[in-house]
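Chemist: coords please:
(3 chains)
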Amino acid sequence: MPELPEVETIARSLARRVTGDRIESVWIGDKPEPLKSSAGEIASLLEGAQIAGVRRAGKHLVIDLASPASPRGAGRGSARAEAKKGQWIVHLGMTGSVLVSDPAEHVEKHTHLIARLASGRELRFVDPRRFGRLAVVREAFSAPGNEPLEIGLESFAALFRKRKTPIKSALLNQKLLSGVGNIYADEALARAGIRPRRRAASLRRAELKKLHASLKSVLKQAIRAGGSSISDYVDADGQRGFFQFQHRVYGREGQLCRVCKTSVKRIVIAGRSAHYCPRCQK
DNA sequence: ATACCGACCTGTCAGC
DNA sequence: TGCTGACAGGTCGGTA
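Modeler: Model prediction:
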């Protein structure tokens, strides 16, 4: 489920709760594992590592890991700098979540990894559909495409200049923009008044400018609302988001456009549903 | 090079 | 009640 605003929300709640904590041990489930790195690689990097911070890159959660300053000689008072160890990369796929839990809490079905923390709590990775991915990397991680919240108008416009693909598909292409998914692609197009099937290269300057602004503002509003909870999305504290109440078109097929009262349409583009108002969007 | 399509998984819901 | 099919926030690899 999670797109940029949801991953950002999770990253913030995780950062607030577990930064500075230390991972004591890791349990990884057996099923066909949703892992990019092997279970051994993941466990060996995580175990004993201190969580230096949590952030978002595209739709990925990046958990920065460091070696604790002074492994055993606590009290010797040596203030050494922490050595960077690497990063734990989590992609949540459609249904993934990361929860900070008390060990006594019921372990949900489809829990694939549990990291026990020095504070006595647990970090749990749960993912029913197993579309998510876990990896560890040593080198600095960066998502493939441009960050939608940072890209300027000129670079944004250049992404679409020669593409014949529908604008909706281009927005979903993570090599162009990283973090935009089905909900916010539809919502940005709705706010910009552009039909999802329009060829990307056919957008005029003024439309690109509108789309650039709409995308940024819808993502920022959604972050402020804690993301969209369609069915099961929750952040690391178990909180639901509430941006779904501000959707103009996504998931509103047959309902009335909030602007002009025309019935919202749903079509399929490259196998994904796309929602739009036939009157407001040209 | 680009773009579409099915595959990957499990769960839920509508319809019969 | 239970079966079937459609659908779900995402990506990948193969094919045209």
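Chemist: next one: phi and psi at the closest residue to DNA strand C within the stretch 151-282 of chain A?
Modeler: The nearest approach of the stretch 151-282 of chain A to DNA strand C comes at A:G181, 1.9 Å away (C-beta to the nearest atom of the strand). Any C-beta I mention is one placed from the backbone N, CA and C, and that applies to glycine too. A:G181 adopts backbone torsions of phi -120, psi -170, taken as degrees, to the nearest 10.
Chemist: Assess the claim that it and A:L92 are in contact.
Modeler: No. With contact defined as C-beta atoms under 8 Å, A:G181 does not reach A:L92; the gap is 10.8 Å.
Chemist: Pick out whichever of those two has more residues nearby.
Modeler: The neighbour comparison of A:G181 against A:L92 (other C-beta atoms under 10 Å) goes to A:L92, with 24 against 21.
Chemist: that older thread, which residues touch the residue of the stretch 151-282 of chain A closest to DNA strand C?
Modeler: A:2-4, A:59, A:172 (C-beta atoms under 8 Å, 6 or more residues apart in numbering).
Chemist: try A:L153
Modeler: A:208-209, A:212.
Chemist: if I look at A:G181 and A:L92, which residues touch both of them?
Modeler: What both A:G181 and A:L92 touch, as defined by C-beta under 8 Å, 6+ apart, is the set A:2, A:59.
Chemist: what subset of the contacts of A:G181 is also close to DNA strand B?
Modeler: Applying C-beta under 7 Å from any atom of the strand to the contacts of A:G181, one finds that nothing falls near DNA strand B.
Chemist: Nearest to A:F125, out of the residues you listed: which one, please.
Modeler: Using C-beta to C-beta, A:P2 comes nearest to A:F125 of the contacts of A:G181, at 12.9 Å.
Chemist: Name all residues that make contact with the closest one.
Modeler: Counted by C-beta under 8 Å, 6+ apart, A:P2 has contacts A:10, A:59, A:92, A:96, A:181, A:227, A:233.
Chemist: quick one, strands of chain A?
Modeler: Assigned by DSSP state E, chain A shows strands spanning A:23-28, A:50-57, A:60-66, A:84-91, A:97-101, A:111-117, A:122-126, A:133-137, A:265-269, A:272-276.
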